[in-house]
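Colleague: predicted model follows, preceded by the sequence.
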Amino acid sequence: MAEHTVVVVGSNQSSQNTTPASFWVIDFSDAATPTAVSVGCPSTGVVLDCAGSLAAVASFAGDSVTIYDISKPASPKASGFITFIVVGACTI
């Protein structure tokens, strides 16, 4: 399997914004001609984190996380999703 040098960049839009959010998977493996793919998200605003070939994309509201497989940077695919249900508040 070919190795990739990949950067994942996301938007951090206000939850008030109705524009669909997206993030970019940018492959710098060929520095002369990097490629970038925009991936739409089902919510407004995203928070990102990466580990290996996976990217975790959380909604701005913090109520869901989608895992994307970015092992093929030209075609990232959602591979898992969880929605959090807030039952009560916690004060520390």
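Modeller: Structure received. If you're wondering where the values come from, they're calculated on a predicted model, not measured in any experiment. Residues are numbered from 1 along each chain as shown.

Colleague: C-alpha only now, for contacts and for neighbours.
Modeller: Will do.

Colleague: what is the subsequent helix or strand relative to the worst-scoring helix or strand of the chain on mean pLDDT?
Modeller: Least confident helix or strand, the chain: strand 46-51 with a mean of 77, by mean pLDDT, DSSP states H and E. Going down the chain from strand 46-51, the next helix or strand is strand 54-59, by DSSP states H and E.

Colleague: can I get that following strand in PDB, CA atoms only?
Modeller: The C-alpha coordinates for strand 54-59 follow below in PDB (Å, rounded to 0.1, in the frame of the first residue of the first chain):
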ATOM      1  CA  LEU A  54      -9.000   7.800  10.200                       C
ATOM      2  CA  ALA A  55     -10.500  11.300  10.700                       C
ATOM      3  CA  ALA A  56     -13.000  12.100  13.400                       C
ATOM      4  CA  VAL A  57     -15.500  14.800  12.500                       C
ATOM      5  CA  ALA A  58     -17.600  16.200  15.300                       C
ATOM      6  CA  SER A  59     -20.600  18.500  14.800                       C
END
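
Colleague: packing partners of that strand?
Modeller: When contacts are defined as 3 or more C-alpha pairs under 8 Å, 6 or more residues apart in numbering; DSSP states H and E, strand 54-59 sits against strand 46-51, strand 64-69.

Colleague: pairing partners for it, with directions?
Modeller: strand 46-51 (antiparallel), strand 64-69 (antiparallel) (DSSP bridges).
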